[in-house]
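Undergrad: structure here, sequence nowhere to be found:
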């Protein structure tokens, strides 16, 4: 049996980790398991050009991303969704627009006016 907790059928190496429930659902050795939720790296190379951090880990910042000319200036902008962002309602969600082009900087939804 591959369960790390034989008393609980939903706790096994193939299970999805539930953030901050106090249980190691996926048997990774970390019961919190969701520390990186809230970050989005814009490229897949080892050195990204831009690194964006959400204001709070539980906001699910990066749960959706899109590129479009949102500002109407002819340049592509990055739109990042945070499906559980608390703005006007608990877990109401939000979309953040990062005007392009950007290079080499770090920004945060906690400090940027969006």
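TA: Looks like it came in fine. Since the structure is predicted, the reported quantities are computational estimates derived from the model, not experimental observations. Residues are numbered from 1 along each chain as shown.
Undergrad: kindly report the domain assignment for the protein.
TA: 1-35, 39-108 (automatic domain parsing).
Undergrad: ok, of those, where does mean pLDDT dip lowest?
TA: For the domains of the chain, mean pLDDT drops lowest on domain 1-35, to a mean of 69.
Undergrad: so after the longest strand anywhere in the chain, what's the next helix or strand?
TA: If you go by DSSP state E, the chain has its longest strand at strand 61-68. Toward the C-terminal end, the helix or strand that comes next after strand 61-68 (DSSP states H and E) is strand 77-82.
Undergrad: identify all contacting residues around that following strand.
TA: The contact list for strand 77-82 (Cβ atoms under 8 Å, 6 or more residues apart in numbering) reads 40, 42, 52, 54, 59-71, 93-100, 102, 109. Backbone N, C-alpha and C define where each C-beta goes, glycine included.
Undergrad: what angle separates that strand from strand 61-68?
TA: Counting by axes from the mean of the first three to the mean of the last three Cα atoms, to 10 degrees, strand 77-82 lies at 150 degrees to strand 61-68.
Undergrad: mind listing what's buried along strand 77-82?
TA: Using 16 or more other Cβ atoms under 10 Å as the test for burial, strand 77-82 gives 77-78, 80-82.
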